[in-house]
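Undergrad: Here is my input; please provide its structure:
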Amino acid sequence: MNFSLVEKNRAWKQFYRDVREGLGHAYIFFSEDKEMLDATLHFATLACFCPDVCCECATCQSVAEGSHPDVMRATGDGMKVKDDLEPLLEQVEMKPVRATRKVVIIEDADKMNVVCQNKLLKTFEEPPEYMTMILGASSESGLLPTIRSRGKKIYLENVGSEDIIEELTEDGTDRETAAVAAAYSMGNLHKARQFAEGGDYREQYEQVFIMLMEMKKSSQIAQYALKENFSKERIALTLDFMDVILSDAMKLLLETDAQRFTVGRERELTQVAAGFTPQGIAMALEEINKAREQLKFNVNVANVACGVLFGILEARYKWRKK
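TA: Residues are numbered from 1 along each chain as shown. As a prediction, the model looks like this:
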C-alpha cells in the first residue's frame, strides 16, 4: 500500500504530531480494517526511526525487511500463555543497538488472552525511557481497561470510496467491480479487497438498486421476494447492499457532507430517496437489521424477504413526505 493513503488519515496526522514533537511511550491504534491497520503500524514504525518516512533509506529498508535490531514485532494471536511473552519482555530490557530508541509492535493485541495482557501491563505502563510500544487492535472490547487506559488511543478513519476504487484498480480490478466493492465495504479497504477478489456481484448490486428505485406498492413484494437475490445463498449480501444504498439515500436527504459509498450514482440515489423522509429511511434500516437477526435464528428466507420489503414500504408511507 502506498504511504499516501495512510498519510491522508487523520489518525496518522495525530500520531505524526508526536513524531515531530516527542513520541510517547505507548500507543494503541484501533481499526476493523486490517489492511489499513497493518499498513499504519508499518509506517508508524518507520516514522519512529525516519521522520521523513522516505521508505528508501537504509533505516527504512531494514525496518521493512524485518532486520532492524531495535524493532520487535509480535502478534497477540500467538500469545496464549505467559511464557509466550517472555522473549519479547527480555528484549525490552536490552538497550537500543543501532538507534536511540526501541520500538515494540504488537498486532492483533486484542487477541491476547487476559493472562498475557496482565503480564504485559507493567511494561506497557512503565517501559524503559528508550522504548515506544505500539499496539494494533480491531476494537476496544478485546483489551483490558487497564491496557486501554495506559496508551494513547488513536482511531483510524474509514477510507474514502474513491481511494478504495483507486487502490483496487491499481491492483488490476476493473473500475465497475471496484466501485461496487467500495460501496459494499463502507470504507473498509480490507473488506473491499476480499469482496472484489471473491466474485463479480455487480449484477446483484444493480438489481438491488433497481428494486429500491421501482418498488412502490405492496403488490410488487412477491415478485421481488421470489427472485434469486433473496435466495438462501444471496439474501445476506442483498441486505448489505440495501443497507448501503438506503444509508446513502439518507445522507442525500439530509444534505450532509458525510461520505457516501455509492460513487457516481446521484440520479439513482435521488430516485431511491423519492417519497422517503429521513425518519422513514431510519425505520427501513431498522427493518434490514431485524431481517439480519431473523436469519441468525433460521427464520424461513422467503418470510424474511417479504417481511423486510413490506417493512421498507411501510416505512416509506408511515413517514410520507407532506
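Undergrad: SS state for residue 54?
TA: Three-state assignment for residue 54 (DSSP: H, G, I helix; E, B strand; the rest coil): coil.
Undergrad: so what's the backbone phi/psi at it?
TA: Backbone torsions of residue 54, given as degrees, to the nearest 10, read phi -70, psi -20.
Undergrad: where's it relative to residue 47, distance?
TA: As judged by CB to CB, to the nearest Å, residue 54 and residue 47 stand 10 Å apart. Every residue, glycine included, has its C-beta placed from N, CA and C.
Undergrad: Give me the more crowded residue out of the two.
TA: The neighbour comparison of residue 54 against residue 47 (other CB atoms under 10 Å) goes to residue 47, with 22 against 12.
Undergrad: From what I see, that one and residue 17 are in contact.
TA: No - in this structure, residue 47 is not within contact of residue 17 by CB atoms under 8 Å, at 11.1 Å.
Undergrad: Does residue 186 touch residue 241 like I think?
TA: No - using CB under 8 Å, residue 186 is not in contact with residue 241; the gap is 11.1 Å.
Undergrad: any idea which element residue 163 lies in?
TA: helix 161-170 (DSSP states H and E).
Undergrad: Residues touching that helix, excluding its own?
TA: By CB atoms under 8 Å, 6 or more residues apart in numbering, the residues outside helix 161-170 that reach it are 1, 5, 8, 159, 175, 177-179, 181-183, 185, 187, 189, 192-193, 196, 259-263.
Undergrad: So which bits of the helix or strand of the chain at the bottom of the mean pLDDT ranking are buried?
TA: Lowest by mean pLDDT, DSSP states H and E among the helices and strands of the chain is helix 86-92, with a mean of 85. Neighbour-count burial for helix 86-92 flags 88, 92 (criterion: 16 or more other CB atoms under 10 Å).
Undergrad: Return the list of helices and strands in contact with it.
TA: strand 71-75, strand 102-107, helix 114-125 (3 or more CB pairs under 8 Å, 6 or more residues apart in numbering; DSSP states H and E).
Undergrad: which residues touch residue 202?
TA: 176, 177, 180.
Undergrad: Please repeat the previous calculation with a cut-off of 6 Å.
TA: Residue 202 is in contact with 176, 180, counting by CB atoms under 6 Å, 6 or more residues apart in numbering.
Undergrad: Use 2 as the first number for this chain going forward.
TA: Sounds good: first residue 2 from here, last item residue 203.
Undergrad: coming back round to it: now the buried members of the contacts of helix 162-171.
TA: 2, 6, 160, 178-180, 182-184, 186, 188, 190, 193-194, 197, 261-264.
Undergrad: Which ones among those residues map onto helices?
TA: 6, 178, 179, 180, 182, 183, 184, 186, 190, 193, 194, 197 (DSSP state H).
Undergrad: contact partners of the least confident helix or strand of the chain?
TA: Counting by CB under 6 Å, 6+ apart, 73, 75, 124 sit against helix 87-93.
Undergrad: same thing but 7 Å
TA: 73, 75, 105, 124, 128, 129, 132 (CB atoms under 7 Å, 6 or more residues apart in numbering).
Undergrad: between the residues you listed, which is nearest residue 83?
TA: residue 124 (12.8 Å; CB to CB).
Undergrad: what about that closest one, neighbour count?
TA: Counted with other CB under 10 Å, residue 124 comes out at 19.
Undergrad: distance of it from residue 153?
TA: 16 Å.
Undergrad: go on, residue 254?
TA: 38 Å.
Undergrad: Then residue 253?
TA: For residue 253, the distance to residue 153 - CB to CB - is 37 Å.
Undergrad: So between these two, which is more surrounded?
TA: In this view residue 253 and residue 153 are compared by other CB under 10 Å, and residue 253 has more residues nearby, 20 against 15.
Undergrad: pretty sure that one contacts residue 272?
TA: No - assessed by CB atoms under 7 Å, residue 253 is found out of contact with residue 272, at 10.5 Å.
Undergrad: ok so, going back, neighbour-wise, which of residue 187 and residue 242 wins?
TA: More crowded of residue 187 and residue 242, by other CB under 10 Å: residue 242, with 24 against 19.
Undergrad: And the more buried one, which helix or strand is it part of?
TA: Applying DSSP H and E, one finds residue 242 within helix 236-255.
Undergrad: quick one: average pLDDT of that helix?
TA: For helix 236-255, the mean pLDDT works out to 96.
Undergrad: what angle separates the helix or strand following it from helix 236-255?
TA: Following helix 236-255 in sequence order, the next helix or strand is helix 267-274 (DSSP H and E). With axes from the mean of the first three to the mean of the last three CA atoms, to 10 degrees as the basis, helix 267-274 and helix 236-255 are set at 100 degrees to each other.
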